[in-house]
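*Asks:* Let's see this in three dimensions:
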Amino acid sequence: MVEQAASFLPRLATIHQHRYSASVQALRAILSVDDKRIAHTMVESILAPYVLEGTRIVHAYDGLEALRALVDHPEIDLILLDINMPVMNGLAFLEQKQRTQFASIPVIVVTSEGERRDEAEHAIALGATRVLSKPFGYQELDACVRSIFVDWLDAE
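*Replies:* Residues are numbered from 1 along each chain as shown. This is a model prediction of the structure:
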């Protein structure tokens, strides 16, 4: 899958007028939404290669903060979203996001082993692009990100 995604990178680079960055390794910003600081630290560590390419990581600790972050940071190209959070959980965030101008931003829902399968299916029904189970590393996340942009290219 990664090889297939890599073959689309030259094609991706030619589409400058689209909202997404010219390369999946040059995403402008990724919004990480989780109520646990340790999860943000893990995401920063895993995404270090993206940061080295110029991607900024924006943090939010609940769905309401995430909605505000989308307004404050129009450069966000991708969202990593936990489901279980206080104030506004991930499912409520997805529902609200679908009613905004940010509806087209891809969302990777990050689930824990203990979370129910029906929550992940509900997240997909509410507009999540992919579901990724913890624990995961750079290769799993990178493959997931690349597959989102391959799917986007195929839909064009």
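*Asks:* Phi first, then psi, for the most centrally placed residue in the chain.
*Replies:* Nearest to the mean C-alpha position of the chain, by Cα atoms, centre = their mean, lies residue 79 at 2.9 Å. Residue 79 adopts backbone torsions of phi -120, psi 130, taken as degrees, to the nearest 10.
*Asks:* Residue 110 is in contact with that one, correct?
*Replies:* No. At 10.1 Å, residue 79 and residue 110 do not qualify as touching, with contact defined as Cβ atoms under 8 Å. (Each C-beta comes from the backbone N, C-alpha and C, glycine too.)
*Asks:* Average pLDDT for the host helix or strand of residue 109, rounded please.
*Replies:* Using DSSP states H and E, the element containing residue 109 is strand 107-111. For strand 107-111, mean pLDDT rounds to 91.
*Asks:* neighbouring contacts of it?
*Replies:* 34, 39, 78-83, 90, 94, 97, 119-120, 123-124, 127-134, 136, 141, 144-145, 148 (Cβ atoms under 8 Å, 6 or more residues apart in numbering).
*Asks:* looking at this structure, which helix or strand is least sure?
*Replies:* helix 2-13 (a mean of 37; mean pLDDT, DSSP states H and E).
*Asks:* circling back to that earlier point, identify those among the contacts of strand 107-111 that sit within helices.
*Replies:* Within these, residues falling in helices by DSSP state H are 39, 90, 94, 97, 119, 120, 123, 124, 141, 144, 145, 148.
*Asks:* any idea which of those residues has the most stuff around it?
*Replies:* Counting neighbours by other Cβ atoms under 10 Å, residue 90 leads the ones in helices among the contacts of strand 107-111 with 29 neighbours.
*Asks:* per-residue pLDDT, the nearest residue to that one once chain neighbours are set aside?
*Replies:* What sits nearest to residue 90 in space, not counting adjacent residues and going by Cβ to Cβ, 6 or more residues apart in numbering, is residue 83, at 3.9 Å. In the predicted model, residue 83 carries a pLDDT score of 88.
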